[in-house]
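*Asks:* predicted model, plus sequence, below.
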Amino acid sequence: MPVRVSFYFSAHEDDWQLFMNPSAFRDVLDGAKTVFVHVTAGDAGLGIKNGGRKHPYYLARENGAESAIRFMADAVAGALAEASAAPATINGHPIRRVGYRDTVAYFLRLPDGGTEGAGYAETGYQSLKRLAAGEIATLTAIDGSTAYQGWADLLATFRALIDLERAQTASVDLHVPELDPAINPNDHPDHVMTAKLALEAAENLSGRRIHHPGYNCGALPENITGAERDMKCAVYAVTLAGVMALDHPTSWQHYDQSFVGRNYCRVSTK
């Protein structure tokens, strides 16, 4: 059994690949239990609609994330395994959970808040930012699977999820978006809210806190080469292939030029 547990909290289904990798790949290769928590559906305001494609956009994005996680896990063993996918009840809320080897992925499917954090008409202008500000009382998953009654309910769910997956492990690694605006200015509001939830949920746990800048890292020089860059490229390419497999277009060039050659982080301890 893994003796180390590492959590990756992502607002959207490609955030950890873009901003927290190859750290994630290294954790999987090193045998840590690696837990990926995808907080929003990344639906870009479509909700459960498909945008004229064959499948809903949020399912395509989930397929991309799952494909990437399986790719990393199978790189360890060199053979395929069976995934276990079923809703897990966390703090009374059913949340999609996928277990594969020593990895776990959660998909809360909360509404994408958009770049301003105001939400979209299709999903009732719901967002993490508006929930935190008390502008809305409830935040409902886009598939209607559950609804969170205020920020405290969502925070308690984060705490319960961390406790469930860490089991008896007292010290965990927590990978989150960077909150310091001097390091990570003008980041996506969903990134910011995800970091706040994760850090507060784990405030009583010891371990490392690894803070990763988001969109701003695209303005920084490339800082990984060779095998590290290859690892990040491979995982992101598999992510895109998983999205395209469910009939949604993607853009490799923009993300390759902006994020793939970069892996910045700041480490603190509790």
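*Replies:* In hand now; what should we look at?
*Asks:* strands along the stretch 101-250 of the chain, start to end?
*Replies:* 103-110, 139-140, 147-148, 173-177, 208-212 (DSSP state E, counting those that start in this stretch).
*Asks:* format those as a markdown table; extra columns: mean neighbour count.
*Replies:* (Each C-beta comes from the backbone N, C-alpha and C, glycine too.) What follows is the strands of the stretch 101-250 of the chain, written out as a markdown table (neighbours: other CB atoms under 10 Å):
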| stretch | mean neighbour count |
| --- | --- |
| strand 103-110 | 24 |
| strand 139-140 | 22 |
| strand 147-148 | 18 |
| strand 173-177 | 24 |
| strand 208-212 | 20 |
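*Asks:* adding mean pLDDT and distance to residue 267 as columns, could you present those in CSV?
*Replies:* Putting those into CSV (pLDDT from 0 to 100; distance: least, CB to CB, whole Å) gives the following:
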stretch, mean pLDDT, distance to residue 267
strand 103-110, 98, 22
strand 139-140, 98, 31
strand 147-148, 98, 30
strand 173-177, 98, 9
strand 208-212, 98, 5
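*Asks:* switch those strands over to TSV; also include distance to residue 72.
*Replies:* As requested, those are arranged in TSV below (distance: least, CB to CB, whole Å):
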stretch	distance to residue 72
strand 103-110	7
strand 139-140	30
strand 147-148	30
strand 173-177	14
strand 208-212	17
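*Asks:* residue 5 is nearest to which of those?
*Replies:* Within the strands of the stretch 101-250 of the chain, the stretch nearest residue 5 is strand 173-177; the backing value is 7.2 Å (CB to CB).
*Asks:* just how off-centre is the closest one within its chain?
*Replies:* How far strand 173-177 lies from its chain's middle: 10 Å, per CA atoms, centre = their mean, to the nearest Å.
*Asks:* hang on, the earlier thing: and the strands of the stretch 101-250 of the chain: which comes nearest residue 269?
*Replies:* Nearest of these (CB to CB): strand 208-212, 5.6 Å.
*Asks:* quick one: which of the strands of the stretch 101-250 of the chain is nearest residue 4?
*Replies:* strand 173-177 (7.2 Å).
*Asks:* so which elements touch that closest one?
*Replies:* For strand 173-177, the elements it packs on are strand 5-10, helix 15-19, helix 23-29, helix 189-201, strand 208-212, judged by 3 or more CB pairs under 8 Å, 6 or more residues apart in numbering; DSSP states H and E.
*Asks:* nearest to residue 64, of these?
*Replies:* Smallest distance to residue 64 across the helices and strands packed on strand 173-177 (CB to CB): 8.4 Å, for helix 15-19.
*Asks:* and the closest one, which residues are buried?
*Replies:* 15-19 (16 or more other CB atoms under 10 Å).
*Asks:* that older thread, quick one, which of the strands of the stretch 101-250 of the chain gets closest to residue 252.
*Replies:* Once the strands of the stretch 101-250 of the chain are compared by CB to CB, strand 208-212 is nearest, at 21.1 Å.
*Asks:* so how far is the closest one off the chain centroid?
*Replies:* Counting by CA atoms, centre = their mean, strand 208-212 is centred 14 Å from the centre of its parent chain.
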